[in-house]
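J.: Here is a sequence together with a model predicted from it:
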Amino acid sequence: MSKTLKVRYFAWVRERVGKPDEDVQVPAGVVTVGDLMTWLASRGEEYAHAFENPKVIRAAIDRAHVKPQASIGGAAEIAFFPPMTGG
Amino acid sequence: MSTITNVRIQSEPFDVAAEASKLTRGRTDAGAVVTFTGICRGDENGEPIAALTLEHYPGMAETEIERHVAEAAARWPLIGITVIHRYGRILPGDDIMMVVTVSSHRAAAFAAADFLMDYLKTRAPFWKQVEKADGKIWVEAKAADDEAAGRWTSSGKHQAAE
C-alpha cells in the first residue's frame, strides 16, 4: 500500500533537490521521517546530494517540528530543511 | 492577565517605535517596554556582503512564532507582545525582525524578549542567504544559538527568574 504525500524543501535542501515541493507516492515500509529521508535519497543524484548527511536535516510534519523517529502515518505535508537561521 | 499579541511575517519594513507605541498608548499599567531589533550587518564572518535574502516556510513561520509568543505570555506577566519578521531581500543597515514586550515591571519584559529571541533563532523556519563577491552562500546555524535556547528548558538557569 502506498501513500501520497506533499513534500516541501527549503533553502539548500530545495536547491539541491531542484524543486520547492512535489507530491510523492511513498511505498509501504516507509514508516518514519528518517525512513522517508532514506527513501528520498535513493531517488536520484540530486536527492542523494540533498540528503547525504541526514543528521543535519530538520523536518516538519504539517508545519510542526518533528524528530526523525516520528511516524509519517497521519501526515499530509512533510518539509525538509537545514537548521534555521532567522532572527 | 490576558496578553495582547501580534505576530506578522512580511516583506515590508516596520517601525519599531510605532509598534511599541501601539501596545502602550492609552494605558497606565505599562511600566516597562523592551524592544529588540535584528539588523542586517554589512559583513558575514568578516567578509563584506551586498545583501541577505530570507527564505521562510509560509504558514509554519506564523504558527511557530505564535506558539512561542503564547508560551511567553503564559510564563511572564505581560501586557503585550509584538513580533515582526521580514522575508525577502534585505540590505545592510535595514531591519530584519523585531520583538516588543510590554509589562508592568522590567524583569518580565526583558526575560520574555530574551526568551523569544533565543527561540526564534533556532525554531522559526527562516533561512538566511548572503550575497558575497564570490556568490550566494547559505548562513550556517550557530551552536551558540542552540545553547542559548537550551537555557530556557527545565534545567536552565533562567527558571529562577520567572
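T.: Here it is on my side, so go on. Numbers count the residues shown, from 1 in each chain, chains lettered A, B, ... in the order given.
J.: Okay, strands next: where are they in chain A?
T.: Remark: strands assigned in chain A by DSSP state E are A:3-9, A:21-26, A:58-61, A:64-66, A:77-81.
J.: Now render those as CSV, adding mean pLDDT, distance to B:Gly80 and mean neighbour count.
T.: For glycine as for every other residue, the C-beta is placed from the backbone atoms N, C-alpha and C. Shown next, in CSV, are these (pLDDT from 0 to 100; distance: least, C-beta to C-beta, whole Å; neighbours: other C-beta atoms under 10 Å in any protein chain shown):
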stretch, mean pLDDT, distance to B:Gly80, mean neighbour count
strand A:3-9, 93, 33, 16
strand A:21-26, 96, 36, 14
strand A:58-61, 98, 28, 21
strand A:64-66, 97, 26, 15
strand A:77-81, 98, 31, 21
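J.: JSON lines please, covering those and showing distance to B:Leu120.
T.: As requested, the strands of chain A are exported to JSON lines (distance: least, C-beta to C-beta, whole Å):
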{"stretch": "strand A:3-9", "distance to B:Leu120": "21"}
{"stretch": "strand A:21-26", "distance to B:Leu120": "24"}
{"stretch": "strand A:58-61", "distance to B:Leu120": "15"}
{"stretch": "strand A:64-66", "distance to B:Leu120": "13"}
{"stretch": "strand A:77-81", "distance to B:Leu120": "15"}
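J.: Please work out which residues outside whatever helix or strand B:Leu52 lives in touch it.
T.: Assigned by DSSP states H and E, B:Leu52 falls within strand B:51-56. For strand B:51-56, contacts defined as C-beta atoms under 8 Å, 6 or more residues apart in numbering or on different chains pick out A:10-11, A:14, A:86, B:9, B:40, B:44, B:85-92, B:96, B:125-131, B:136, B:139.
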